[in-house]
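Visitor: sequence plus predicted model, see below.
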Amino acid sequence: MTDRWYRNAVIYSLDVRAFQDSNDDGVGDLRGLISRADYLTRLGITAIWLSPIHPSPWRDGGYDITDHYNVDPALGSLGDFAELMNVADERGLRIMLDLVVNHTSDQHPWFLSACEDPRSPYRDWYVWSQEEPADRTEGMVFPGVQKETWTYSDQAGAWYHHRFHDFQPDLNTANPEVRKEIYKIVSFWGRLGVSGFRMDAAPFVIERTGVGTDPSDRDYSLLTEMREKTSWRRGDAVFLAEANVPHDELELFFGNGDGAATRLQMLFAFRLNEALMLSLARQDPTAIKEALASLPALPRHGQWATFLRNHDEVDLSGLPAEARQDVFEALGPDRRHQIYGRGIRRRLATMLDGRQDRLRMAYSLQFTMPGTPVLRYGDEIGMGEDLRLPERDAIRTPMQWSDTPNAGFSEAPADRLVRPVIDEGDHSYRHVNVTDQRRDPDSLLTWFDRMLHTLRECEEIGVGEHHVVPVDATGVLAHRADAAAGSVVFVHNLSGEPARVCLSHTPDDSGNGQKPVEVFSNREYEELRLDDLEVDPYGYRWIRLRRTHARW
């Protein structure tokens, strides 16, 4: 896994505060996470992406940071973090951290100093305007909740810029001292063994911010410098960026020097995610086919990160209005399901009405797309959401370990939990939990175990070339991945009707007479005939066409 490990990884995204409480104070912590390391190893994931673990007032899920060089006391200590790294190393797991450097908390010592004294060395670490900006009500990230992007500070006697909430003032990344600090933060955690960073709000980190500036005016040199400095200190560390930008801008985030990625190694495939959601809603693979055809060519060492759900809403802002409405109607029809006028704040299990056949097909589809799959904690057991919670907190409820009180997350009184456990409906912890599913050979968790371990035998998915295979059935997507190790074809039926497809134009081209072998499917089919392949409603079949035993 060392050589370009991220291309054949499975990344598990979790919030430490909501995963496992070890000291019964109602808040998940690092020791709790350590106690569940064997669960994660058995599941088959290879990397853990932690939501922010730093000291914070926790007004925005920890993304309002007050100290980038420490661990929030509620979660543990730096010593606990070092122990987590030891436990992860012993199990072959890598740790990735959220890198939140677009803004800080307004309680950060840097910002407090900047407000107290205009001569403070930290004054220019933030973005200010002496006059009221004419564009102060433009460019909000959370429309309908956020009212402005410039707020007046009585103490500072000036307006400060904030792309996000007013308690998250933006850092001035044009300031060389701020850039040096960012590189120090990355170096600090890299020295502690961190293998990578998920870069929060990457386009905003590098935009040249000021009164009336163009948001598309970005300074990509920061990404280049950060990558260069990190590569010298830890050669296998990667950056995975949240950059929800048009296709023609993505190459700028990767960087391209002589055909190789020189800036960020990984980007979330937002356009592909939208296509997956639209295709699931319409039960028609057309949107996925179009997205795969339009994905920009990756520079060498570049990689997509694929996902169905993450820690935020399902962002559909890149879809045309009609397509977005189709997704709303199929997957989030209630106004309570929708957020910011652009997204859905539900887990996938509830979006698909708890249908196991559709849920398994959807994750099989995601995990066979070109790139590295990212799985959100709890999705492996089909957790739901709590719509009583505000905004994105609906999908950030505690992990459901068992049917014991508080879902086995904590023994603290229920009113002291960081968030309430889901205790009502079909997705309550009494019906959906790890313990029950571990005992059930046909559970979603058991299915994920099988699927993820099969994935490890199909490295073509992460490193190969993918192309769509034409078939006549309108509800079926067939695509093939080719790499030095061999070729695998994947067939998914997004519709509720049975189908038969002809793949005879996808022959074994290895010249060694190997017969196709089915390696994973929704059930055991009676026969494997590429010229007349049967696929159940919401069925899927992974078929190995050839294996060369070559190594990358």
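Guide: On my side now, so go ahead.

Visitor: what sits up against stretch 420-429?
Guide: For stretch 420-429, the external contacting residues (C-beta atoms under 8 Å, 6 or more residues apart in numbering) are 347, 349-350, 354, 382-386, 388-389, 397-398, 400, 402-403, 406-409, 414, 430, 432. Every residue, glycine included, has its C-beta placed from N, CA and C.

Visitor: try 10 Å
Guide: For stretch 420-429, contacts defined as C-beta atoms under 10 Å, 6 or more residues apart in numbering pick out 18, 347, 349-350, 353-354, 378, 381-386, 388-389, 394, 397-410, 414, 430-432, 435-436.

Visitor: how long is that stretch end to end?
Guide: One end of stretch 420-429 sits 11 Å from the other (C-alpha to C-alpha, to the nearest Å).

Visitor: which residues does the spatially closest residue to A18 that is not a sequence neighbour contact?
Guide: With sequence-adjacent residues excluded and distances taken as C-beta to C-beta, 6 or more residues apart in numbering, A18 is closest to P398, at 4.9 Å. Counting by C-beta under 10 Å, 6+ apart, P398 makes contact with 15, 17-21, 26-28, 377-378, 383, 406-410, 417-422, 429.

Visitor: ok, now I395?
Guide: If you count contacts by C-beta under 10 Å, 6+ apart, I395 has them with 309-314, 344-348, 350, 376, 378-379, 383-387, 389.

Visitor: now the residues you listed: which count as buried?
Guide: Buried by 16 or more other C-beta atoms under 10 Å: 309-314, 344-348, 350, 376, 378-379, 383-386, 389, out of the contacts of I395.

Visitor: pretty sure R416 sits against A74.
Guide: No - R416 lies out of contact with A74 (C-beta atoms under 10 Å); the separation is 11.9 Å.

Visitor: now do the shared contacts for the two.
Guide: With C-beta under 10 Å, 6+ apart as the test, R416 and A74 both reach 25-27.

Visitor: got CSV for the residues you listed, with secondary structure and pLDDT too?
Guide: Formatted as CSV, the shared contacts of R416 and A74 follow (DSSP: H, G, I helix; E, B strand; the rest coil; pLDDT from 0 to 100):
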residue, secondary structure, pLDDT
D25, coil, 98
G26, coil, 98
V27, coil, 98
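
Visitor: so which of these wins on neighbours?
Guide: Neighbour tally across the shared contacts of R416 and A74 (other C-beta atoms under 10 Å): the maximum, 24 neighbours, falls on V27.

Visitor: against S402, how distant is that residue?
Guide: Separation of V27 from S402 (C-beta to C-beta, to the nearest Å): 19 Å.

Visitor: same check on E391?
Guide: The gap separating E391 from S402 is 28 Å, by C-beta to C-beta.

Visitor: just for the stretch 151-300 of the chain, where's the confidence low?
Guide: Along the stretch 151-300 of the chain, the parts satisfying pLDDT under 70 run over 212, 215.

Visitor: what helices and strands are in contact with the longest helix seen in the chain?
Guide: Assignment by DSSP state H gives helix 176-191 as the longest helix of the chain. With contacts taken as 3 or more C-beta pairs under 10 Å, 6 or more residues apart in numbering; DSSP states H and E, helix 176-191 sits against strand 94-99, strand 196-199, helix 221-233.

Visitor: off-centre distance for whichever helix or strand comes after the shortest one?
Guide: If I follow you right, that is strand 196-199. Using DSSP states H and E, the helix or strand that follows strand 196-199 towards the C-terminus is helix 202-205. In terms of C-alpha atoms, centre = their mean, to the nearest Å, the centre of helix 202-205 is found 16 Å from the chain centre.

Visitor: try stretch 246-256
Guide: Distance of stretch 246-256 from its chain centroid, counting by C-alpha atoms, centre = their mean, is 19 Å.

Visitor: may I see the buried residues of that stretch?
Guide: Applying a neighbour-count criterion of 16+ other C-beta under 10 Å, one finds 250-256 buried in stretch 246-256.

Visitor: most tightly surrounded among the helices and strands packed on helix 176-191?
Guide: Across the helices and strands packed on helix 176-191, averaging neighbours per residue (mean count of other C-beta atoms under 10 Å) puts strand 196-199 on top, at a mean of 26.

Visitor: right, and D436 touches S443 too?
Guide: Yes - between D436 and S443 there is a contact under C-beta under 10 Å: 7.4 Å.

Visitor: spit out the residues that contact the two alike.
Guide: Common neighbours of D436 and S443 (criterion: C-beta under 10 Å, 6+ apart): I381.

Visitor: so after the one helix or strand L40 maps to, what's the next helix or strand?
Guide: For L40, the enclosing helix or strand under DSSP H and E is helix 37-43. Proceeding N to C from helix 37-43, the next assigned helix or strand is strand 47-50, under DSSP H and E.

Visitor: so what are the sheet partners of that next one and their directions?
Guide: Applying DSSP bridges, strand 47-50 is found paired with strand 11-14 (parallel), strand 94-99 (parallel).

Visitor: where does the chain have low pLDDT?
Guide: 1-3, 212, 215, 505-513, 550-552.

Visitor: hmm, try it at 80
Guide: Per-residue confidence for the chain (pLDDT under 80) gives these ranges: 1-3, 210-216, 504-513, 549-552.

Visitor: my read is that M140 contacts K147, right?
Guide: Yes - look at M140 against K147 with C-beta under 10 Å: they come within range, at 7.4 Å.

Visitor: hey, where'd the strands end up in the stretch 101-250 of the chain?
Guide: For the stretch 101-250 of the chain, strands defined by DSSP state E, counting those that start in this stretch occupy the ranges 128-129, 150-153, 158-161, 196-199, 238-241.

Visitor: roughly how far is the first one from the heart of the chain?
Guide: Spelled out, it's strand 128-129. Centroid displacement of strand 128-129 relative to its chain, using C-alpha atoms, centre = their mean, is 33 Å.

Visitor: show me what that strand is packed up against.
Guide: Helices and strands touching strand 128-129, as assessed by 3+ C-beta pairs under 10 Å, 6+ apart, comprise strand 150-153, strand 158-161.

Visitor: ranking those strands by mean neighbour count, which comes first?
Guide: strand 158-161 (a mean of 21).

Visitor: by contact count, what packs against that one?
Guide: With contacts taken as 3+ C-beta pairs under 10 Å, 6+ apart, strand 158-161 sits against helix 109-116, strand 128-129, strand 150-153.

Visitor: just put the ones you listed in TSV and tack on distance to T262.
Guide: Output for these, formatted as TSV (distance: least, C-beta to C-beta, whole Å):
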stretch	distance to T262
helix 109-116	30
strand 128-129	33
strand 150-153	34
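
Visitor: looking at the ones you listed, which is nearest to R136?
Guide: R136 sits nearest to strand 150-153 of all those, at 3.8 Å, using C-beta to C-beta.

Visitor: may I have the closest one as CSV, with CA atoms only?
Guide: Extracted in CSV, the C-alpha atoms of strand 150-153 (Å, rounded to 0.1, in the frame of the first residue of the first chain):
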residue,chain,number,x,y,z
TRP,A,150,-18.6,40.8,5.9
THR,A,151,-19.3,41.7,9.5
TYR,A,152,-18.4,44.8,11.4
SER,A,153,-16.2,44.4,14.6
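
Visitor: any residues touching it, and which ones?
Guide: The list of residues contacting strand 150-153 from outside it, by C-beta under 10 Å, 6+ apart, reads 106, 111, 114-115, 126-129, 132-139, 158-162, 165-167, 169, 211.
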